[in-house]
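[1] Provided below are the primary sequence and the corresponding predicted coordinates.
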Amino acid sequence: MNRDKISAFTLKIASSNGCGLISILYDIYEEYEKDAIDDFKAGNVDSAIEATKKCAEVVSHLQKDLNFEYKVSGNLYALYDYVQRNVAKSIYKANSDGLKEAKKVMDELGDAFEQLAEQDKSKPLMGNTQKVIAGITYGKGTLNESLMGNQASRGFWA
């Protein structure tokens, strides 16, 4: 994943609520998965395995953050365990077969959490973040970002 995508995900995370954060984790998984599959096809096994390990880290994070007070968490844990086993299969076999199998489950779960995030109207988890407005304003292909809010009250002045 390149720096631009990492920056985009960072901005999304800073302004998202709980369901939105889970949805973003699925998007991050999807980016690493795409990178790994493309690298396996291109014969770049080392970088493919690194991207596959990042997929495993995201799934591990999703699995650790489950709240078992809800019954659905047990089902999600089992699905994440299935995905982890398939991702591990791609690592030790050095091919994309396990990732392709895991993709079926992660795509379905990602779509479900995306729909939940659209319905969730709760406040963002991070309250004191800057609002970033981005858009194409002054020319074709030009992206301008503006920070909104009172910048004088943030941080320390020396």
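    Arrived safely. Just so you know, these numbers come straight off a predicted model, no measurement behind them. Numbering: from 1, shown residues only.
[2] After the helix or strand encompassing Ile91, which helix or strand is next?
    Ile91 belongs to helix 72-93 when assigned by DSSP states H and E. For helix 72-93, the following helix or strand on the C-terminal side (DSSP H and E) is helix 97-119.
[3] list the helices and strands the longest helix along the chain packs on?
    Ranked by residue count under DSSP state H, the longest helix found in the chain is helix 18-42. Applying 3 or more CB pairs under 8 Å, 6 or more residues apart in numbering; DSSP states H and E, one finds that helix 18-42 contacts helix 3-14, helix 45-64, helix 97-119. To be clear about C-beta, it is placed using only N, CA and C from the backbone, and glycine gets the same treatment.
[4] what's the most buried one of those?
    helix 45-64 (a mean of 18; mean count of other CB atoms under 10 Å).
[5] Rounded mean pLDDT for that one, please.
    Taken as a whole, helix 45-64 carries a mean pLDDT of 94.
[6] Reformat the helices and strands packed on helix 18-42 into CSV and put distance to Ala88 next to each item.
    Listed next are the helices and strands packed on helix 18-42 as CSV, based on distance: least, CB to CB, whole Å:
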stretch, distance to Ala88
helix 3-14, 24
helix 45-64, 7
helix 97-119, 7
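[7] Which one of these lies nearest to Tyr70?
    Closest to Tyr70 of these, according to CB to CB: helix 97-119, at 12.9 Å.
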